[in-house]
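>>> give me a 3D structure for the following:
(one chain, ligands or ions: 1)
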Amino acid sequence: MPDGHDVSLFTIRNSRGMTARVSEFGAVLVSLEMPDRNGQVADLTLGYDSLEGWSTDNAYLGATVGRFGNRIKDGTFSLDGKTYQLATNNTPGGIPCHLHGGLKGFDKVLWKGEARENSVIFRYLSRDGEEGYLGNLDVTVTYTLTEENELLWEAKAVTDAPTIVNLVHHTYWNLSGDPRQSINDHLLQIHADHFLPTDAGLIPTGQLAAVADTPLDFTSPRLIGERVEEDYEALHLAGGYDHCWVLRPTEGLRLAASLTHPSSGRKMEVFTDQPAIQFYGGNFLDGTIMGKLGHSYAHRTGLCLETENFPDAPNQPSFPSAILRPGEVYQHKMIHRFTTEPTV
Ligand code: BGC
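Just a heads-up that it's a prediction; the model follows:
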């Protein structure tokens, strides 16, 4: 680090050809290598070759996002009668909002990592007042790579004063393993019947809209590119897919989304205990990011499947609460299960 701190990079391998690399900087997933149906191994994530890349990143590649992932309207919210003002570090449609934790979110801080068998546990203490948030927040994020080809991301947090929390894992996936290729040829299924419509600033209106008969209906597997250019207001506002889907309510873990890349046969299923998932189709990638191996990341060459609480939940009484109080434990579990499918 420029200030002289050392940063550790951890490698976790399983016996089936998968390798995950995770860094103390930002608790980011640096890479995830996996064979295709013919045994050809490739890295399925967008990212950087050096620490400098990760520290100047503004697209949250591979990030652990916090304290509050996704957007907060005007960067402000009230809690127990007091109003808080956070940084407004994002301006979709020219309208300022708070995004992904602020000017220096959890993706830009140094965590302390500890290796345990097939896991790495990262710890970070976010001090009271950091980025305008109240309370000392003690956070752990654990990455695990199993012999069943599952990558687990688990977050926990406790606080000493009431605060808001929405920790999000933000890897950009391209299951082809070649970030020069578009993700529009991936098949996506999202197990959700509703999404959250937004205003021009990409802030939810508070309504839930049915996906049926819209280009946001992924209840059965659909090619991402098939309907992304359709004349539909929600697609126009976001410049493509960049919406929060409301998952069917359940206790514990359930399948939220399945992503398949037909020509390589790679498939990723995402399980979560969270109420929602943001599918972001990489609309803001514009070729300016210089990524791994000198590749620049063009429009829609990576996609995020971010399990989370609802965006702007602190300002929407009808949304699930994002408040964490002393004595409570914030918990978020996300499993990525990788398989390959035979040629069809
Ligand atoms: C959001 C996008 C945003 C991106 C930043 C995603 O989680 O949905 O709107 O531009 O993060 O990289």
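>>> what sits opposite the residue most central in space within the chain in the beta ladder?
The centre of the chain sits closest to H170, judged by Cα atoms, centre = their mean, with a distance of 2.6 Å. Beta bridges link H170 to A63, judged by DSSP bridges.
>>> doesn't E306 make contact with it?
Yes. Taking contacts as Cβ atoms under 8 Å, H170 lies within contact range of E306: 5.9 Å. Every residue, glycine included, has its C-beta placed from N, CA and C.
>>> show me the contacts for the residue nearest to the centre of the chain.
H170 sits next to 60-65, 69, 100, 107, 304, 306 when contact means Cβ atoms under 8 Å, 6 or more residues apart in numbering.
>>> how about a cut-off of 6 Å?
By Cβ atoms under 6 Å, 6 or more residues apart in numbering, H170 lies in contact with 60, 63, 65, 304, 306.
>>> ok, these vs the ligand, which is closest?
Using Cβ to the nearest ligand atom, Y60 is the member of the contacts of H170 that lies nearest the ligand, at 4.5 Å.
>>> who's in contact with that closest one?
100, 107, 170.
>>> in JSON lines, list those residues along with distance to S119.
Shown next, in JSON lines, are those (distance: Cβ to Cβ, whole Å):
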{"residue": "H100", "distance to S119": "25"}
{"residue": "D107", "distance to S119": "20"}
{"residue": "H170", "distance to S119": "20"}
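>>> including distance to the ligand and pLDDT, could those residues go into JSON lines?
Shown next, in JSON lines, are the contacts of Y60 (distance: Cβ to the nearest ligand atom, whole Å; pLDDT from 0 to 100):
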{"residue": "H100", "distance to the ligand": "6", "pLDDT": "98"}
{"residue": "D107", "distance to the ligand": "10", "pLDDT": "98"}
{"residue": "H170", "distance to the ligand": "6", "pLDDT": "98"}
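>>> show me what from this structure comes close to the ligand.
Contact residues, the chain versus the ligand (Cβ under 6 Å from any ligand atom): 59-60, 242, 278, 280, 284, 304, 306.
>>> how much space between the residue nearest to the centre of the chain and T159?
From H170 across to T159, the span is 22 Å (Cβ to Cβ, to the nearest Å).
>>> now swap in L32 and tell me
In terms of Cβ to Cβ, L32 sits 31 Å off from T159.
>>> then N174?
For N174, the distance to T159 equals 36 Å [Cβ to Cβ].
>>> and whichever residue of the stretch 151-300 of the chain sits closest to the ligand, its phi and psi?
Across the stretch 151-300 of the chain, the shortest distance to the ligand (Cβ to the nearest ligand atom) belongs to Y280, at 4.0 Å. Main-chain dihedrals, Y280, degrees, to the nearest 10: phi -110, psi 120.
>>> if we can go back for a sec, among the contacts of H170, which ones are in helices?
Applying DSSP state H to the contacts of H170, no entry is found in helices.
>>> may I ask which of those residues has the most neighbours?
Neighbour counts for those, by other Cβ atoms under 10 Å, peak at A63, which reaches 28 neighbours.
>>> wait, it touches F106, no?
No. Taking contacts as Cβ atoms under 6 Å, A63 lies outside contact range of F106: 7.6 Å.
>>> strands of the stretch 51-200 of the chain, start to end?
Assigned by DSSP state E, counting those that start in this stretch, the stretch 51-200 of the chain shows strands spanning 63-65, 71-73, 76-79, 82-85, 97-99, 112-116, 119-126, 137-145, 150-159, 163-164, 168-170, 187-190, 192-195.
>>> next, format the ones you listed as a markdown table and append distance to S15.
Below are the strands of the stretch 51-200 of the chain laid out as a markdown table (distance: least, Cβ to Cβ, whole Å):
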| stretch | distance to S15 |
| --- | --- |
| strand 63-65 | 27 |
| strand 71-73 | 41 |
| strand 76-79 | 47 |
| strand 82-85 | 48 |
| strand 97-99 | 39 |
| strand 112-116 | 18 |
| strand 119-126 | 16 |
| strand 137-145 | 11 |
| strand 150-159 | 14 |
| strand 163-164 | 41 |
| strand 168-170 | 25 |
| strand 187-190 | 28 |
| strand 192-195 | 35 |
